[in-house]
Structures are given as structure tokens and as C-alpha cells.
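**Student:** Pasting the sequence and the predicted coordinates here, then a few questions.
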Amino acid sequence: MKGIIFNIIEEFIGENWGEEKYEEILGLCPLHTKEPFVGPGTYPDSDLISIVEKAAEILEISVPDVLRAAGKFMFPKLVEKFPQFIALHKHPKDFLVTIDSVIHVEVKKLYRDAETPRFQFTSPAPNKLAFDYQSKRKFCALVEGMLDGVAEHYKMPIQYHQTKCTHKGDTDCHFELQFGSRA
Ligand code: HEM
């Protein structure tokens, strides 16, 4: 996983619970990485998972809740760093369908060793969207948080629910979305 994601997780914990809490969490993690995480670096997924699991334990919240809150925090940070990916899209649906075919493709050009998740979209109705999320990291709760971030960015409610989940034994996670209104 790229350092940029580790850095945003650090910011997320630091801004919400304080830098000292982040350092405490980090100190308790069995990390493979000994040096500081830097944006363009690539680090083991297991280090990120350790940090998230330890944060959940210390902060007394569930791992999915940490990932959901981190995803919501992460989205505006990514937009700040890569404003070009959102600028052209006036509706969250138009934006979301570009995650796999444009955004993560560009991310992989920028960071050759990035391993972005796979999304496959279908459009059952003008105000609806469905997709499958596939990743060995099984971060569907992070996807949920990102969707909350997208809704906030566009100031449009997005209702979502997962009808399949790898954590329940399915081969991928299936999301069904409904947008508040479509102008
Ligand atoms: C400006 C928009 C976005 C940018 C620049 C961006 C960029 C990135 C980057 C750099 C990574 C790390 C990949 C790696 O280290 O291997 C990543 C991972 C990820 N992205 Fe995006 N992303 C964007 C939007 C989204 C959106 C809207 C979603 C979902 C609704 C999403 C879902 C994810 C997830 C779940 C991961 C974690 C890795 C995994 O699940 O395997 N991204 N993204």
C-alpha cells in the first residue's frame, strides 16, 4: 500500500485523537517498516492492517468503524491532492463510475507499484448505481466511508447497502446505491 494512504491514516488519527495517541498506537504495532512512511513509498499491507487493528483496540471502536471513519476523512484529502479527478463531474454518479476506468488507472501510472482495487459498475436506473468491489485487502468498510465522503463533497445524500460481502464468504462485495436527487 502506498505511503500516501498511511500518511492520511496518521492524519486521521492525529486530528481526531491527537498525535500522541497515533504515536502510542504505532509503538504497539508489530510493523515490518522501521523508517517513517513517505507518500511515494510502498509498504506492506500488513502494516496498515496492524495500525487499523491497533487503533480499533486502543480507541475502543470496531475495525470496520475505524475504516469507515478513515474513508470519510480520506476522500477530501485525496480530492485536495488530485482535484483534476473530480473537477469535471457535476453528479456523484458520473464521478463514481470513473474510479476504476480513469482514477485508479491514472494512480497506477503515477505510482507503478500501486495495487488499486477493482470496481465493476452497472446502472440499474438514472438515480441508482450498483458495483462489485474486489480487493485482497477486503476494505469494503473503507469504500463505505469514501461514499460518505463523496456524498458530503457533492452535498447529495447517497444511500448504500451491501448485498454481498467477502467477510460473509462471498467472492466479492456488491454495493447498491441510490442518489438523493438527480437534477
Ligand atoms: C480523487 C479520487 C481518488 C484517488 C486519487 C484515489 C487514489 C487511491 C490510491 C493512491 C490508493 C492506494 C493504492 C495502493 O496503495 O496500492 C487507493 C486505494 C483505494 N481506493 Fe482510491 N482513489 C480515489 C477515489 C476512490 C473512491 C471514490 C473510492 C470508493 C468509493 C476508492 C476506493 C479505494 C479503496 C477501497 C482503496 C484501498 C485499497 C483496496 O481496497 O485494495 N477510491 N486509491
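**Tutor:** Perfect, I can see it now. Numbers count the residues shown, from 1 in each chain.
**Student:** how about the lowest-mean-pLDDT helix or strand in the chain, does it get close to the ligand?
**Tutor:** Every helix and strand of the chain was ranked by mean pLDDT, DSSP states H and E. The lowest is helix 84-87, at a mean of 93. Yes: Helix 84-87 lies within reach of the ligand by C-beta under 6 Å from any ligand atom, at 85-86. Every residue, glycine included, has its C-beta placed from N, CA and C.
**Student:** Please apply the same query to stretch 11-30.
**Tutor:** No: for stretch 11-30, no contact with the ligand is found by C-beta under 6 Å from any ligand atom; the gap never falls below 13.9 Å.
**Student:** same question, stretch 133-144
**Tutor:** Yes: against the ligand, stretch 133-144 shows contacts by C-beta under 6 Å from any ligand atom at 135, 137, 139, 142-143.
**Student:** Any idea how far apart the tips of that stretch sit?
**Tutor:** From its first residue to its last, stretch 133-144 covers 11 Å (C-alpha to C-alpha, to the nearest Å).
**Student:** that older thread, helices or strands next to the least confident helix or strand of the chain in the packing?
**Tutor:** When contacts are defined as 3 or more C-beta pairs under 8 Å, 6 or more residues apart in numbering; DSSP states H and E, helix 84-87 sits against none of the other helices and strands.
**Student:** Show me the contact partners of it.
**Tutor:** 79, 95, 98, 102-103, 106, 153 (C-beta atoms under 8 Å, 6 or more residues apart in numbering).
**Student:** and the two most separated of those residues?
**Tutor:** 106 and 153 (18.5 Å; C-beta to C-beta).
**Student:** related to what we said a few turns ago, export the residues of stretch 133-144 next to the ligand as JSON lines, with columns for pLDDT, neighbour count and secondary structure.
**Tutor:** Shown next, in JSON lines, are the residues of stretch 133-144 next to the ligand (pLDDT from 0 to 100; neighbours: other C-beta atoms under 10 Å; DSSP: H, G, I helix; E, B strand; the rest coil):
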{"residue": "135", "pLDDT": "97", "neighbour count": "18", "secondary structure": "coil"}
{"residue": "137", "pLDDT": "96", "neighbour count": "14", "secondary structure": "coil"}
{"residue": "139", "pLDDT": "98", "neighbour count": "24", "secondary structure": "coil"}
{"residue": "142", "pLDDT": "98", "neighbour count": "24", "secondary structure": "helix"}
{"residue": "143", "pLDDT": "98", "neighbour count": "21", "secondary structure": "helix"}
